[in-house]
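1. All I have is the shape, not the residue letters:
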């Protein structure tokens with residue numbers, strides 16, 4: 001299969017940075033975007049480094065990944081000899097590309113008696129590595145001459161921490177953290193779906209920079225990955241007592257906590273509600289959890305199989321083949337399916353294992369993101385007028401969220417920059433993210449990080465939009481030059497300082513009534529025969545000072561809002577104040593949109609709804625601040 005455009009872009013970026021001297025490169029590609037194909041093309045792209053006798057070493061941490069990458073490399077590089085170094089398999093001196101298992105070659109000490117005692121196939125004797133650490137490397141890795149390997153590739157590079165990886169990187173001279181074991185001419189390329197680890201250890205000990213990366217949303221928007229419909233499903237299980245080990249939940253404690261008949265039954269019920277009949281992967285805490293969950297599915301008449309490393313290899317291969325053929329609807333597993341498992345037909349992810357690790361979550365989540373069929377396959381079948389068959393319309397993710405007040409759990413929304421507790425309620429992520437972007441563009445100063453639903457997002461935005469600038473209605477201007485505004489309850493209101501206002505409104509008999517309001521307490525004054533007379537009556541009760549500040553053209557109304565005014569506004573409208581990231585953002589927004597008169601009106605409108613006791617307390621605080629500032 002030819003490389004896709006974004007895969008070619010990976011190599012453009014990699015080569016450009018290589019020419020700039022960046023030889024320790026990290027490439028970030030989400031699960032399902034063809035990382036294996038990109039790795040398979042590296043010998044072609046960097047062939048200038050592979051002169052006579054030079055080899056490529058690909059380091060992999062799991063058996064299934066070793067076999068998959070070896071097959072891909074052989075398919076894409078038929079002119080090169082691809083061999084495997086793993087368990088009982090040994091690469092020979094004729095290999096051009098060696099796919100090696102990290103556990104097999106990375107042990108710090110020599111292998112046990114009776115193992116790896118053969119002489120090197122690269123030299124008459126075991127390769128003599130003259131170094132103070134030579135006695136720590138096992139005989140297996142010492143069969144290889146580091147000088148023969150100008151290119152080292154590490155798959156799933158987020159696993160790189162630990163002495164095993166450091167040992168191999170030192171041996172092959174690509175350990176940037178120690179100049180004794182760092183040949184700057186060699187190329188080290190690591191691949192990962194996320195450069196962040198649960199234990200917060202960075203990858204900068206091994207890599208200089210991320211040379212290529214696109215976010216998850218881009219792949220979905222361009223149809224390289226399936227769109228996502230996620231559902232947040234709350235449970236009654238409490239996680240606060242579960243301890244943390246290496247940045248994530250302790251497996252033994254987590255299994256005892258979440259592997260309950262009630263929670264497992266909930267997983268089955270929600271699968272039937274949101275994804276019945278669709279191919280599903282259930283991610284569990286450990287083997288026992290997978291077995292128990294599969295049993296719950298079977299109780300409901302759903303064929304589900306628990307898979308683990310204890311499952312015999314031939315049986316495991318048969319089960320996976322049946323799943324890919326649609327014969328088995330649900331597979332339950334702990335970590336076996338989380339990495340290196342490729343079944344594009346998988347449509348539903350049942351996230352039965354809570355995790356704080358974004359890396360682990362991305363790996364599990366990514367198993368259902370591959371489109372089925374691929375865009376290339378659909379195009380081919382359409383061109384050949386062939387039946388396309390089952391088409392995955394969207395990936396469905398069921399997040400089973402347990403109760404926790406102290407643990408930050410990863411979820412689908414958090415992968416897209418939203419609050420981890422955001423509930424999309426099955427709405428597609430591209431639509432949710434587009435709506436968030438629209439609201440953020442409309443009001444850049446809004447802080448949407450606390451929103452937990454589409455309703456929250458709309459409410460935050462709409463509350464701000466309620467504060468449209470008000471102006472004196474045309475029918476009022478014929479009778480008065482005061483800044484009367486339409487009152488929320490009908491009629492018109494003139495807001496004045498010190499929580500005072502005048503109101504002109506029709507009473508129950510339909511007659512225009514004039515009121516005066518002080519600190520939210522309304523008192524009737526007189527009635528007018530018509531609107532014009534009512535305005536004249538109201539203005540007759542005003543003092544000269546009130547007429548001066550109440551006029552439409554009063555200079556104070558167009559002045560800049562004071563900090564004190566904004567603080568009072570924030571107290572009266574706390575929900576609006578919280579929508580902004582900080583007071584400066586709030587102040588900038590308010591001053592860009594409103595005048596002193598506008599805010600005075602909004603304050604008056606809110607004050608009327610407060611009790612006299614509350615208003616007196618606010619008035620006392622304001623008076624005290626005035627006195628202290630003198």
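-> All right, it came through fine. Bear in mind the structure is a predicted one, so any value in this text is a computation, not a measurement.
2. what about the closest residue to residue 420 other than its chain neighbours, neighbour count?
-> Spatial nearest neighbour of residue 420, excluding adjacent residues (C-beta to C-beta, 6 or more residues apart in numbering): residue 414 at 4.0 Å. C-betas here are computed from N, CA, C, even on glycine. Neighbour count for residue 414, taken as other C-beta atoms under 10 Å: 16.
3. Break this structure into its domains for me.
-> 5-214, 235-461, 467-630 (automatic domain parsing).
4. In TSV, list those domains along with mean pLDDT.
-> TSV is the format used below for the domains of the chain (pLDDT from 0 to 100):
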stretch	mean pLDDT
domain 5-214	82
domain 235-461	90
domain 467-630	79
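5. Turn those into JSON lines, including distance to residue 226.
-> Output for these, formatted as JSON lines (distance: least, C-beta to C-beta, whole Å):
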{"stretch": "domain 5-214", "distance to residue 226": "8"}
{"stretch": "domain 235-461", "distance to residue 226": "4"}
{"stretch": "domain 467-630", "distance to residue 226": "33"}
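6. Identify whichever of those domains lies nearest to residue 227.
-> domain 235-461 (4.7 Å; C-beta to C-beta).
7. so residue 249 touches residue 242, yeah?
-> Yes. Contact criterion C-beta atoms under 8 Å: residue 249 and residue 242 qualify, at 5.2 Å.
8. who touches both of the two?
-> Shared contacts of residue 249 and residue 242, defined by C-beta atoms under 8 Å, 6 or more residues apart in numbering, comprise residue 407.
9. which non-adjacent residue is nearest the residue nearest the centre of the chain?
-> By C-alpha atoms, centre = their mean, the mean C-alpha position of the chain lies nearest to residue 415, the distance being 1.3 Å. Leaving out its chain neighbours, the residue that sits closest to residue 415 by C-beta to C-beta, 6+ apart is residue 216, at 6.2 Å.
10. how many neighbours does the one you found have?
-> When neighbours are defined as other C-beta under 10 Å, residue 216 has 24 of them.
11. And the host helix or strand of residue 71, what does it pack against?
-> Per DSSP states H and E, residue 71 falls inside helix 63-76. The contact analysis (3 or more C-beta pairs under 8 Å, 6 or more residues apart in numbering; DSSP states H and E) places helix 63-76 against helix 35-45, strand 56-60, strand 82-85, strand 97-101.
12. Tell me which of the ones you listed sits most buried.
-> strand 56-60 (a mean of 27; mean count of other C-beta atoms under 10 Å).
13. tell me which strands and helices that one is in contact with?
-> By 3+ C-beta pairs under 8 Å, 6+ apart, strand 56-60 packs against helix 35-45, helix 63-76, strand 97-101, strand 151-154.
14. could I get these as TSV with distance to residue 163?
-> Converted to TSV, the helices and strands packed on strand 56-60 look like this (distance: least, C-beta to C-beta, whole Å):
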stretch	distance to residue 163
helix 35-45	25
helix 63-76	21
strand 97-101	16
strand 151-154	15
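15. of these, which approaches residue 26 most closely?
-> strand 151-154 (9.2 Å).
16. Please enumerate residues in contact with the closest one?
-> 39, 42-43, 46, 49-50, 56-59, 160, 165, 169, 172, 174, 186-191, 206.
17. Repeat the analysis, applying 6 Å as the threshold.
-> With C-beta atoms under 6 Å, 6 or more residues apart in numbering as the test, strand 151-154 has contacts from 39, 46, 49, 56-59, 172, 174, 187-190.
18. And these, which is closest to residue 483?
-> For the contacts of strand 151-154, the nearest to residue 483 is residue 190 (66.1 Å; C-beta to C-beta).
19. Check the gap between the closest one and residue 228 for me.
-> Remark: distance between residue 190 and residue 228 (C-beta to C-beta, to the nearest Å) = 27 Å.
20. Minimum distance to residue 402: which of the helices and strands packed on strand 56-60 has it?
-> helix 63-76 (30.1 Å).
21. what about the strands in the stretch 101-250 of the chain?
-> Ranges of strands within the stretch 101-250 of the chain are 151-154, 187-192, 209-213, 228-238, 244-245, 248-249, based on DSSP state E, counting those that start in this stretch.
22. circling back to that earlier point, my guess is the residue nearest to residue 415 contacts residue 30. True?
-> Yes. Taking contacts as C-beta atoms under 6 Å, residue 216 lies within contact range of residue 30: 5.2 Å.
23. would TSV of the helices and strands packed on helix 63-76 with distance to residue 20 be doable?
-> Converted to TSV, these look like this (distance: least, C-beta to C-beta, whole Å):
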stretch	distance to residue 20
helix 35-45	16
strand 56-60	22
strand 82-85	30
strand 97-101	26
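24. Perfect, I'm done here.
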